[in-house]
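**Student:** The sequence isn't on hand, but the structure is:
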């Protein structure tokens, strides 16, 4: 357990001092600022949640994941992680935990920023119910997007860099935007978060169970694939 | 002595392409094993397999008696390594890079990093970002990462590459001291032959994925062929005849000089000098040539380039001193 904590500590140090994390956060805050405003808080926070569900999660979380795994290959530091008294699986778990932590921090910062902007521009009708409702939705969507990040980690490991997984993240964004509104959308992993949000007025989990199972299956395939790759593949 | 590193029948193929074939070697405790080979010979593949980074197609690898393929991570507590050109996180300082490795190895960060920086004279670069280090200091940082936990086994891939002469001597002395005083087992790959001959206690030569030869450094010195060359101007034919009559196997080289490979002649060149001068032949030069490490190595790996290093003794000078000795 101590070795896992050590790995989390080191991975956190690497990611928290990475310009990619902070650059991405600034970009997301900038876009959030552009799309701020609305007739009431539901519209104002809804705009931000929609941006998050459709673009920020796939692109932002995807880029952070691609960087966290891909940089080890780009910086050629991967070999320093392969023969340590910590199992390679723990290193993968540590990276995943740190990605999840910072993506959730970014989510909360974006929410806080949106709240601040709403107050500054005087959006009317703020209530604690509205705030909690949107915060809950946002965190749930963030978790959905985190589930979609594991294939990005796998691709970064297989391709030994961050360009392929970032290209993959952008491709999934395009696929989600174009195929999301079709009948297939509810089963297409990358469009599920946005569809979930758009239907969430009717129920907490408005889509069929199969849609949520798709997300879990994608996560498991990506996570197990990444761990297996780190454990078994030849690291040339 | 205990066998610390052992491979048996180690083979690696990528598809039909063999990279390593049936490599069996052992390295005993406190030994410095030099792994010599040209680029692409299979040195780095072997090292990666020793470290569990590449799985063998067949064969066995063990370190400290434990199979590397099935080993639990705690095996690596005893092993320090550096594979190919060392890299570090470019935006982190030397100190930060070392502290992260120390943390991953479960060591007290500050003292472990400080100690190893002291040993490798990296203290003055502690706050320099890795991306601003010279190649030599980046190499030292790689070595520091390998040595930070005082391992009992060191596996190093070309560790003196990019180091300046002072750095090479420093690393050589450090490794020698670790092996001799602390019993650290060192497996070191290189294509720098002179460096290997100065450092290694045993040398394995790998070529085309096959271990061509495995010898001690003493044997290595002995195996280097020596010969006596004699310059008698235009009288090579007469000199050859004379030497033949005296029982020496001699031949005229393309340079016009006479070459004698007999041990007796090499050990006592003054006998040859006396023989020739007494016969009235002009002795312009008498030289004991030692086959260079490079030519020995290239001959073993089949590249066959002759680059003898000469230890010449001008005949007239040696004769005036009453004899010729190498």
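**Tutor:** Nice, I can see it. For clarity, every value in this text was computed on a predicted model and none was experimentally measured.

**Student:** For chain B, which segments count as helices?
**Tutor:** For chain B, the helices defined by DSSP state H occupy B:43-50, B:94-104, B:109-119, B:135-147, B:165-182, B:193-199, B:217-223, B:236-245, B:263-267, B:269-278, B:293-300, B:315-320.

**Student:** element containing the residue nearest to residue A:166 when sequence neighbours are not counted?
**Tutor:** Counting by CB to CB, 6 or more residues apart in numbering or on different chains, the nearest residue to residue A:166 once its immediate chain neighbours are dropped is residue A:66, at 4.7 Å. C-beta: built from backbone N, CA, C; applies to glycine. Take DSSP states H and E as the rule and residue A:66 turns out to sit in helix A:62-74.

**Student:** on contacts alone, who are the packing partners of that helix?
**Tutor:** Here helix A:62-74 touches helix A:2-16, helix A:19-34, helix A:88-121, helix A:150-159, helix A:163-179, going by 3 or more CB pairs under 8 Å, 6 or more residues apart in numbering or on different chains; DSSP states H and E.

**Student:** Swap in 6 Å and give it another go.
**Tutor:** With contacts defined as 3 or more CB pairs under 6 Å, 6 or more residues apart in numbering or on different chains; DSSP states H and E, helix A:62-74 has these neighbours: helix A:88-121, helix A:150-159, helix A:163-179.

**Student:** Nearest to residue B:243 among those would be which one?
**Tutor:** Nearest to residue B:243 among these is helix A:88-121; the distance by CB to CB comes to 66.9 Å.

**Student:** Can you list the buried residues in the closest one?
**Tutor:** For helix A:88-121, burial by neighbour count (16 or more other CB atoms under 10 Å in any protein chain shown) applies to A:88, A:90-96, A:98-100, A:102-103, A:106-107, A:110-111, A:113-115, A:117-118.

**Student:** Kindly provide the whole-number mean pLDDT of the helix or strand that that helix is followed by.
**Tutor:** Counting by DSSP H and E, the next helix or strand C-terminal to helix A:88-121 is helix A:128-147. The average pLDDT within helix A:128-147 is 94.

**Student:** chain center to helix A:128-147: distance?
**Tutor:** Chain-centre distance of helix A:128-147: 13 Å, with CA atoms, centre = their mean, to the nearest Å.

**Student:** count of neighbours near residue B:59?
**Tutor:** Neighbour count for residue B:59, taken as other CB atoms under 10 Å in any protein chain shown: 18.

**Student:** Now find how far off-centre stretch B:90-107 is within its chain.
**Tutor:** Distance, centroid of stretch B:90-107 to centroid of chain: 30 Å (CA atoms, centre = their mean).

**Student:** Quick check: mean pLDDT of that stretch?
**Tutor:** 96.

**Student:** do stretch B:27-43 and chain A meet at all?
**Tutor:** No: if you take CB under 6 Å from any CB of the partner chain as the test, stretch B:27-43 misses chain A, and the best it gets is 12.6 Å.

**Student:** buried stuff in that stretch?
**Tutor:** Within stretch B:27-43, the residues that qualify as buried by neighbour count (16+ other CB under 10 Å) are B:27, B:29-38, B:41-43.

**Student:** Now the two most distant members of those.
**Tutor:** B:29 and B:38, at 29.1 Å, using CB to CB across those.

**Student:** what sits against residue A:37?
**Tutor:** By CB atoms under 6 Å, 6 or more residues apart in numbering or on different chains, the contact set of residue A:37 is residue A:121.

**Student:** element containing it?
**Tutor:** Short version, using DSSP H and E: residue A:37 is in no helix or strand.

**Student:** any idea of the pLDDT on it?
**Tutor:** pLDDT, read off for residue A:37, is 81.

**Student:** who touches the residue most central in space within chain A in this structure?
**Tutor:** For chain A, the residue nearest the mean C-alpha position is residue A:61 (3.2 Å; CA atoms, centre = their mean). Residue A:61 sits next to A:103, A:145, A:149 when contact means CB under 6 Å, 6+ apart.

**Student:** Now the first one: closest residue in space that isn't a chain neighbour?
**Tutor:** Spelled out, that is residue A:103. Nearest to residue A:103 is residue A:61, by CB to CB, 6+ apart, at 4.9 Å.

**Student:** swap in the last one?
**Tutor:** Counting by CB to CB, 6+ apart, the nearest residue to residue A:149 once its immediate chain neighbours are dropped is residue A:65, at 4.2 Å.

**Student:** Isn't the one you found up against residue A:153?
**Tutor:** Yes: counting by CB atoms under 6 Å, residue A:65 does reach residue A:153; the two are 5.4 Å apart.

**Student:** Those two: which is more packed in?
**Tutor:** Between residue A:65 and residue A:153, counting by other CB under 10 Å, residue A:65 is the more crowded of the two (31 against 27).

**Student:** Could you check how far the more buried one is from chain B?
**Tutor:** 18 Å (CB to the nearest CB, to the nearest Å).

**Student:** That residue: what's it in contact with?
**Tutor:** Contact partners of residue A:65, counting by CB under 6 Å, 6+ apart, are A:99, A:149, A:152-153.

**Student:** Columns distance to residue A:79 on top of the residues you listed, output as TSV?
**Tutor:** As requested, these are exported to TSV (distance: CB to CB, whole Å):
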residue	distance to residue A:79
A:99	22
A:149	24
A:152	22
A:153	18
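
**Student:** For the residues you listed, work out which two are farthest apart.
**Tutor:** A:99 and A:152, at 9.4 Å, using CB to CB across the contacts of residue A:65.

**Student:** Can you give me the pLDDT of the residue nearest to residue A:149?
**Tutor:** 97.

**Student:** what do you get for residue B:78?
**Tutor:** pLDDT, residue B:78: 94.

**Student:** repeat for the one 4 residues further on
**Tutor:** Taken from the predicted model, the pLDDT recorded for residue B:82 is 94.

**Student:** The one 4 residues further on now?
**Tutor:** We note a pLDDT of 86 for residue B:86 in this prediction.

**Student:** Compute the number of surrounding residues for it.
**Tutor:** Residue B:86 has 27 nearby residues by other CB under 10 Å.
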